[in-house]
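J.: Sequence and predicted structure, then a few things I'm wondering about:
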Amino acid sequence: MLRSMGMTSNGFNKMINYESLFYGIKALSYGIPISFILMYLMYIVLSQSFVFPFVAPWGSVIIVVMGVFVIVSLTMLYSSSKLKNENIIDALKNESI
């Protein structure tokens, strides 16, 4: 719909990129705190049987952050490639139905 109103391909790509970036940030802002809470709860349960210090796996967290952005970027590339080949008039007809 935005393309039919005059949005350029460059502007559309920027919008999709920013939207994907915000999706990744939002997913990580929910996922990382929840995962650290779960890690600490697992540490509390396991520390009753074993003696070991709590150590956060920072390497794994960084790999997961990169993985989230790779998956979001691939999804963005796939969806934008499908939209580039679509006719604007046909897309508007399908939205109104």
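T.: Now that the structure is in, tell me what you want to look at. Numbers count the residues shown, from 1 in each chain.
J.: Do you have the strands of this structure handy? List them.
T.: Using DSSP state E, no strands are found in the chain.
J.: Spatially central, which residue of it would that be?
T.: For the chain, the residue sitting closest to the mean C-alpha position, by Cα atoms, centre = their mean, is Gly24 at 3.0 Å.
J.: which non-adjacent residue is nearest Asn17?
T.: Of all residues not flanking Asn17 in the chain, Met76 sits nearest, at 6.9 Å (Cβ to Cβ, 6 or more residues apart in numbering). C-beta coordinates here come from the backbone N, C-alpha and C atoms, glycine included.
J.: Which pLDDT value goes with that neighbour?
T.: Model confidence at Met76, given as pLDDT, is 86.
J.: Quick one: neighbours of it, just the number.
T.: 18 (other Cβ atoms under 10 Å).
J.: Enumerate the positions of the longest helix along the chain that are buried.
T.: When the chain is parsed with DSSP state H, its longest helix is helix 9-47. Neighbour-count burial for helix 9-47 flags Ser20, Gly24, Leu28, Ser35 (criterion: 16 or more other Cβ atoms under 10 Å).
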